[in-house]
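Peer 1: Fold the following and give me the result.
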Amino acid sequence: MERLTIIKTTEQAREMLERLQRVAIETRVDEYATERAKPVQWLDCTCCGQSYPGRQWWNQDTGFGLGDCCVKYNGVNPSAGESTSYGVPGIHFLIPPKPFNPPTLFLSSDELRQTAETEISANRNAEYWKRVLSAI
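Peer 2: From the prediction side, this is the model:
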């Protein structure tokens, strides 16, 4: 849920700055574990509007963040750690892709034999399956 806060006095501005500072400190205390727990989602780059996969940073409007496309343009050093404006590289933007591990299928000899016989009887790649049967 979004909440709009209108700051009218200097005291309110100070309170808001203190609150933001507390949030920033709490975020660093747990080595960003709470930030890493947030889901990776499609956000819009605050600079160019391009969509990118990232996590929401508290100092950006909901649905927006620094896109991977504009890190260099904005002068953000990817190895420097937290940026108060954009978040943490590798957590909020520049998230490394997950490695793709295709599923490995294993069939027992009996299952393979049954599959081969079914395929041969249906006359689907019969020569291939005959070779498989002879190799079992």
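Peer 1: Enumerate every residue touching the nearest residue in space to Gly87 that is not next to it in sequence.
Peer 2: Using Cβ to Cβ, 6 or more residues apart in numbering and skipping the chain neighbours, the partner closest in space to Gly87 is Trp57 (3.5 Å). For glycine as for every other residue, the C-beta is placed from the backbone atoms N, C-alpha and C. Residues near Trp57 by Cβ atoms under 8 Å, 6 or more residues apart in numbering: 65-66, 86-87, 92.
Peer 1: among those, which are in helices?
Peer 2: When the contacts of Trp57 are checked against helices (DSSP state H), there are no matches.
Peer 1: where do the strands sit along the chain?
Peer 2: 41-45, 51-54, 64-65 (DSSP state E).
Peer 1: out of those, nearest to Ala135?
Peer 2: strand 51-54 (43.8 Å; Cβ to Cβ).
Peer 1: okay, now Lys130: neighbour count?
Peer 2: 13 (other Cβ atoms under 10 Å).
Peer 1: Please apply the same query to His92.
Peer 2: His92 has 26 nearby residues by other Cβ under 10 Å.
Peer 1: Compute the distance between it and Glu15, please.
Peer 2: 25 Å (Cβ to Cβ, to the nearest Å).
Peer 1: count of residues packed around the closest residue to Ala116 other than its chain neighbours?
Peer 2: Distances taken as Cβ to Cβ, 6+ apart put Trp129 closest to Ala116, at 4.2 Å, once the chain neighbours are dropped. Trp129: 21 surrounding residues under other Cβ under 10 Å.
Peer 1: All further residue positions should be reported with the first residue as 32.
Peer 2: Sure, I'll start counting at 32 from here, so that last one is Trp160.
Peer 1: so what's Trp160 up against?
Peer 2: 146-148, 150-151.
Peer 1: so what's it scoring on pLDDT?
Peer 2: If you check Trp160, the pLDDT there is 85.
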